[in-house]
Structure formats: C-alpha cells, structure tokens
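[1] generate coordinates for the sequence data below:
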Amino acid sequence: MRLIKFPVLIVVALLAMVSCSTEKDSNKFEKKNRNILWYDATANFQRFSHKDSITYYLELSKKVGFTDVVVDIKPITGEVLYNSSIAPQMIEWNGYQKDTTWDMLEWFIKEGKRLGLTVHASANVFVAGHNYFDRGVVYEDSSKKHWQTISYLADGMKPITEQKHKYSAMLNPALKDVQDYELSILKEFVSKYPKLDGIILDRVRYDGIEADFSDASRELFEDYIGEKVNRFPEDIFSYNEQGKRVEGPLYKKWLEWRAKVIHDFFAEVKRELKAINPALIFGDYTGAWYSTYYEVGVNWASKTYDPSQDYDWATPDYKNYGYAEMLDLFTTGCYFYEVTKEEVKQTERYKAARTEAGMDDKIDTTYSVEGSAELSMKLTKGVTPVYAGLYVEQYKGNKQQFVDAIKMCRKISDGVMIFDIVHVINYGWWDALEAGLKEEL
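    Coordinates of the predicted model:
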C-alpha cells in the first residue's frame, strides 16, 4: 500500500506546487520597462479640473512612451482632491475653484484604462499644512494643531509652522493619533476607488534630523529603550558654539527607534490596504541619498542589507527596520544634475541646488543619477522593482542632459519616474521625453 500511495502523494504535491506557482505568477507585479509620470496636485490644479485636459495629457503621455501615471490626490496641505468624509476637500487653489459635479480621479482611471495606462494615486502622508500660505489641516483644525512636528534647533525648540523657510508643515509620525488619522484616509480612499491600480505613498518620514523632539516623542522613545532619558535632548544630540550637532550617548538608538516608527507604520498600512484590495500595487517614494536618509527616519533598504557595516550612524539592529520587502513598487529620487559618476569626479561644485530633505553638499559619485540608481538597486537587493526618478526642474536649459538622465535611469533601474508633468509642459519637452524613453540604450 505504501508503494502505491507514495507516487500518488508526489503527484498531488506537484500539482499543488504548480497551482501555487501559477497563482503566485498571475498576481505578480510586472516590473520591467515601466516609465512613470507624476501629476502633481497643486501645480496642475486648474489644468486637471477639466476632462478634456486630462484626456489630452494622458494621450500625450502614452504617445511619448509612458506606461504608468501617478495622480497626486493628497497634497501637503492635508486636503484631498476627492469627496472625503474624513479630510477636507481642496476645491480651490491659487484663486481657481474647481467644478465638483464630477470626480477627477474617476476620469483619470477611466481614460487611463482606455489607453492601457496603469494609474496610481499618490498621497503625502505625514504632512498637513503649507507654510508659505498658512493653509491646511494643522492651521485650520485646532484639534490637530499639536500634531505638527517640534524641531530641536540650535536656538531651541520650534514648531514647524513657525519655520517659514520650510514649505511643508510636517507632522510627528510617532503619534498614534496621527497614524490612525492618516491610515483612515488611505483606507477610505482605497475603498472608494476599487478600479485604481496602485497607490504610491510620499512623505512617510520625519521632517529632518531635528524632528521630532516633543514630550510625546520623548516618552515613546523611553518606552522603546526601557529607561528614562536623563538629559533630553542632550543625550540625543546637542549643538556646539558653531551650531553644529554633537552626538549624545543615545543618538544611534534614537535613529534606530525613528526607523522602527516608519517601518511599523508601513507594515500596518500595507496590511490594511491589501485587506481592502489585494490587487492594489503598494508603492513608495523616497530620496535615493541613503547615506543621509537616516536623518528623516527612513530605512528603505532590504532587511538583508546591514548598513552598520558601511555607515557609522547605524546600529546592528537598524537593518531590522528596512521595508523594501513590503513594497510592490519603489520610486526613488535620483535628483542630481550630474548624470554619470565620471561627471561628479570632474567637478568641484554640483550644478543643481540640493534642497530635498536629508541631502547634504558632499561631492560623491552616489550624488549622480548613475551612482544613486546603482545604490538603490544594490540596497533593495531585487526584492522590489526600483524606478529611478528625475526632477525635471534641475535640467532647465539643458535638454540633452535631461535625455541622458532618462536613459541612465532606464539602463540602471527597472525604468524611470519623472517628476513632474508641469515642468515638461512649461518647457515643451515632450520630444525630450520621447527620445529618452524610446531611444536604444
């Protein structure tokens, strides 16, 4: 009887394996040769308040070689571009009031599907105000004002809404109320648009190394390490007479805890959104400058990469809070003018302003499109598709440099992400996009 049953069991097992493999492959996100174009909310607010305009630019995007578009539905004010029962709806921007009798995103999805485009939505998560206009949730909802991040600066503690050189009024990601609120918006949104292909999260991070030093963050950190911090914030870091940071004894542990905050939030969001729509493409955007991205509390690498082997700011446990494995799609900003590593070696001064969160002024080959894309691929270790991103504004006045940058992204990573369509429109660079996206590498 055993001799008879054994082959039968093998056949059954093999059939099960084939079935599982087929099911897995049918749900697998096709990563190769994707070219992604971002549609910012406020920069294009009036333009995409008209159906014919949406259709026109989607058709043009498809024509020049894009496969995916990302529609921003939650800008930094914390308002949303659809009818929500949770967040305030943005119906006016820069003096223009939109027609709310039709749904912008529904039209994007409908027309995108017609054209064979993959349509993602993007949401700015841990931010709820625009400091240049004193507008947004933390400005207009008194019950949420205390959610804004408190920065520890050389001249003391300061709420971010009082730092007018920063346009994003960032929140404290560690607060449970903040996490619950932002998650509720994302869940409502995904439930509302079941035909949406994907969602790409943005600003799932701290404002900077100075954030957040509120009493709440201190208490949560103390819970994490299991002891009281005797000298806060000096045990994290202090400032010398020149205004430079001096690391305290708990500095690295603080960085580790912040990375855990962001990691755990990602895990919860993915679990909740996939429960609503298992087919949803779950994505993220971060900057590619990993060597300093710890400053915003983010470890976007694979868990199998140990940054403590390469960087002195990382603890041995920092690797546990890498979240690349959670992502179906990862867009990373290779926001540098210099395309090749060789260009960096031949320069003494970078040619485009470095204003993104966590960036520094160093001259390093990873601060090029080629170098940063290579680093992103290396640290994610193939666990998620990587789309190297470009900021169009950085190439103003040099179209060929932009074309070369696009081709480099395609060569090194799984495709390219372009931010933002408004710059392409302003410069009339559709021919440059087509050349970069379609020319042989």
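[2] surely N35 and F66 touch.
    Yes - between N35 and F66 a contact is recorded at 4.9 Å, counting by Cβ atoms under 8 Å. (Glycine included, C-beta is placed from N, CA and C.)
[3] give me the common contacts of those two.
    Taking Cβ atoms under 8 Å, 6 or more residues apart in numbering as the criterion, N35 and F66 both touch I418, L437.
[4] beta partners of R135?
    For R135, the beta-bridge partners are H130 (DSSP bridges).
[5] okay, now it: neighbour count?
    For R135, the count of nearby residues is 18 (other Cβ atoms under 10 Å).
[6] contacting residues around the helix or strand where V71 lies?
    Here V71, judged by DSSP states H and E, is contained in strand 68-74. Defining contact as Cβ under 8 Å, 6+ apart, one finds that strand 68-74 is touched by 34-41, 58, 61, 80-82, 87, 104-105, 108, 112, 117-125, 185, 189, 197, 200, 417.
[7] just the buried ones from those?
    Buried subset of these (neighbour count, 16 or more other Cβ atoms under 10 Å): 34-41, 58, 61, 80-82, 87, 104-105, 108, 112, 117-125, 185, 189, 197, 200, 417.
[8] neighbours of E342, just the number please.
    Burial of E342, expressed as a neighbour count using other Cβ under 10 Å, amounts to 12.
[9] try W289
    By other Cβ under 10 Å, 26 other residues sit near W289.
[10] separation between it and R203?
    According to Cβ to Cβ, to the nearest Å, W289 and R203 sit 16 Å apart.
[11] and the helices in the stretch 301-441 of the chain, which stretches?
    In the stretch 301-441 of the chain, the segments counted as helices under DSSP state H, counting those that start in this stretch are 341-345, 369-380, 399-412, 421-427, 430-438.
[12] what's the answer for the stretch 151-300 of the chain, then?
    Under DSSP H, counting those that start in this stretch, the stretch 151-300 of the chain gives helices at 176-192, 215-225, 251-276, 290-293.
[13] what are the buried residues along the first one?
    For helix 176-192, burial by neighbour count (16+ other Cβ under 10 Å) applies to V178, Q179, Y181, E182, L183, I185, L186, K187, E188, F189, V190.
[14] can you name every helix or strand that it contacts?
    Judged by 3 or more Cβ pairs under 8 Å, 6 or more residues apart in numbering; DSSP states H and E, the packing partners of helix 176-192 are strand 68-74, strand 118-124, strand 198-202, helix 251-276.
[15] can you tell me what sits against it?
    Outside helix 176-192, the residues touching it (Cβ under 8 Å, 6+ apart) are 73-74, 80, 82, 84-87, 121, 123, 125-126, 144, 147, 171-173, 196, 199, 265, 268-269, 272-273, 276-277, 280.
[16] quick revisit: quick one: which of the helices of the stretch 151-300 of the chain is nearest L437?
    helix 290-293 (26.3 Å; Cβ to Cβ).
[17] and for the nearest residue to D284 once chain neighbours are set aside, the neighbour number?
    In this structure, D284 finds its nearest non-sequential neighbour in L201, 5.0 Å apart by Cβ to Cβ, 6 or more residues apart in numbering. For L201, the tally of surrounding residues (other Cβ under 10 Å) stands at 26.
[18] contact partners for L201?
    By Cβ under 8 Å, 6+ apart, the contact set of L201 is S122, A123, V125, F266, V269, G283, D284, Y285.
[19] that one pairs with what?
    A123, D284.
[20] any idea how far it is from E79?
    Relative to E79, L201 is positioned 17 Å away (Cβ to Cβ).
[21] repeat for V298
    24 Å.
[22] what angle separates the strand holding V71 from strand 198-202?
    Taking axes from the mean of the first three to the mean of the last three Cα atoms, to 10 degrees, one finds strand 68-74 and strand 198-202 inclined to each other by 60 degrees.
[23] paired strands for strand 68-74, with orientation please.
    Applying DSSP bridges, strand 68-74 is found paired with strand 34-39 (parallel), strand 118-124 (parallel).
[24] next SSE downstream of that strand?
    Past strand 68-74, further along toward the C-terminus, the next helix or strand under DSSP H and E is strand 92-93.
[25] strand partners of that next one, parallel vs antiparallel please.
    Strand partners for strand 92-93, identified by DSSP bridges, are recorded as strand 96-97 (antiparallel).
[26] give me the beta-bridge partners of E92?
    According to DSSP bridges, the residues that bridge with E92 are Q97.
[27] contacting residues for the closest residue to R231 other than its chain neighbours?
    Among residues not flanking R231 along the chain, G248 sits closest, at 7.5 Å (Cβ to Cβ, 6+ apart). G248 is in contact with R231, P233, E234, D235, I236, F237, S238, counting by Cβ under 8 Å, 6+ apart.
[28] many thanks, I have nothing further to ask.
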